[in-house]
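S.K.: Attaching a predicted model along with its sequence, questions to come.
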Amino acid sequence: QAQLVESGGGLVQAGDSLRLSCAASGRTFSAYQMAWFRQAPGKEREFIASVTLSEGNTDYSDSVKGRFTISRDNAKNTVYLQMNSLKPEDTAVYYCAATIFRGPLSEYNIVNYWGQGTQVTVSS
């Protein structure tokens, strides 16, 4: 059984930065890519960013492009999300995901494993 464990969430002010981490263990790792999604209260879960584990190719949603950076450390089976210039509308539960799916997660929510989520709250 694969496990994804997120950490790094918290309460910050607008304009601050946070870095989320997602540590993977177990059978994850035949995954082709890993990603971050988020879900705000009353809204659907939305794609934020993804990275392919072999090539390191990245993809971002328009809402975070230029502010957030996804990266991976394959030796540690860990993916990071560096979030800069945070805004109150970034407030959400952030979920790590892993998948063998090779297409764009921005279009297809095809995920094999989810983390439990970590809360990010940005005050104005």
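M.R.: Yep, that arrived. Residues are numbered from 1 along each chain as shown.
S.K.: For the residue most central in space within the chain, name its beta-bridge partners.
M.R.: Most central in the chain under Cα atoms, centre = their mean is Trp36, positioned 1.9 Å from the mean C-alpha point. Following DSSP bridges, Trp36 is listed with bridge partners Ala49, Cys96.
S.K.: Number the chain from 417, please
M.R.: Let's use 417 as the start, then, which means that last one is Trp452.
S.K.: from memory it sits against Arg461, does it?
M.R.: No - the pair Trp452 and Arg461 does not pass the contact test of Cβ atoms under 8 Å, sitting 10.7 Å apart. C-beta here means a position set from N, CA and C on the backbone, and glycine is covered the same way.
S.K.: Overlap of the contact sets of the two?
M.R.: Taking Cβ atoms under 8 Å, 6 or more residues apart in numbering as the criterion, Trp452 and Arg461 both touch Tyr511.
S.K.: rewinding a little: gap between the residue nearest to the centre of the chain and Gln417?
M.R.: 21 Å (Cβ to Cβ, to the nearest Å).
S.K.: Output the below-cut-off pLDDT ranges for the protein.
M.R.: The model of the chain has pLDDT under 70 over residues 443-445.
S.K.: and with 90 instead?
M.R.: 417-418, 441-447, 525 (pLDDT under 90).
S.K.: Distance-wise, check the residue nearest to Ala440 when sequence neighbours are not counted relative to Ile486.
M.R.: What sits nearest to Ala440 in space, not counting adjacent residues and going by Cβ to Cβ, 6 or more residues apart in numbering, is Asn493, at 4.4 Å. The gap separating Asn493 from Ile486 is 15 Å, by Cβ to Cβ.
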